[in-house]
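Asks: sequence unknown, structure follows:
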């Protein structure tokens, strides 16, 4: 079992929809969780991060961690075509490294 | 404002050939990383460095070597390329370890490598 599991999609939604992206993880010892966004033929860039459990909101984006179920979620409200990208969840690991999920490819149709 | 620059952007090799991928960062970051990204596998760490002159193995180090002779550069070498090493390679850098989410890794735009 991978330490961070993510449904690769692809996921296609109409413009304006609420998008829910999810990951599960298997080790509760590490408490920083991140979402990276990767546009086609570009490198990933940090979108949001959360520490431990709870919610964090930034504009149309909300990151949520549920430690009891080992679930990480990213919600996108009022999705836009410019949100079309691959979204990678990650958590920190021993030695300060990151472990990434497989990435979910999102397409927002106008 | 260059950030992380990877050279080359594309390359096609024949099995058995060698090559070096170059990563340069202008942010004075201590930590640098090499990843490979394959469909369905996400980003996997090959090697990383916690400072000039240091290197360490990541999750998938076999078949690769690295060097960090200068703080701003991190080189990834393939001594004898194999078709299984066909992938997109990303370099990243950060100020500190990723124990704190507010010190993100900054990524280059990747090198697309095909090995025939």
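Replies: Structure's in. What do you need? Note that the structure is predicted; figures quoted are calculated from it, not measured.

Asks: So, low pLDDT: which residues of chain B?
Replies: B:1, B:97-102 (pLDDT under 70).

Asks: now the helices: where do they sit in chain A?
Replies: Read by DSSP state H, chain A holds no helices at all.

Asks: now whichever residue of it sits closest to chain B: how far from residue A:64?
Replies: Closest contact between chain A and chain B, by Cβ to the nearest Cβ, is at residue A:96 (2.2 Å). Just so you know, the C-beta spots here come from the backbone N, C-alpha and C atoms, and that holds for glycine as well. The gap separating residue A:96 from residue A:64 is 24 Å, by Cβ to Cβ, to the nearest Å.

Asks: Provide the backbone phi and psi angles at the most centrally placed residue in chain B.
Replies: Residue closest to the average C-alpha location in chain B (Cα atoms, centre = their mean): residue B:34, at 2.5 Å. Main-chain dihedrals, residue B:34, degrees, to the nearest 10: phi -120, psi 130.

Asks: pretty sure it is in contact with residue B:74, am I right?
Replies: Yes: between residue B:34 and residue B:74 there is a contact at 6.8 Å, judged by Cβ atoms under 8 Å.

Asks: any common contacting residues for those two?
Replies: Counting by Cβ atoms under 8 Å, 6 or more residues apart in numbering or on different chains, the residues touching both residue B:34 and residue B:74 are B:23, B:66, B:91.

Asks: Which strand residues bridge the first one?
Replies: What it means is residue B:23. Assessed by DSSP bridges, residue B:23 has beta-bridge partners residue B:6, residue B:74.

Asks: what's the neighbour count on it?
Replies: The number of residues packed near residue B:23 is 25, by other Cβ atoms under 10 Å in any protein chain shown.

Asks: thinking again about what came up before, for the shared contacts of residue B:34 and residue B:74, which one is nearest residue A:110?
Replies: Taking Cβ to Cβ as the measure, residue A:110 lies nearest residue B:91 of the shared contacts of residue B:34 and residue B:74, at 34.1 Å.
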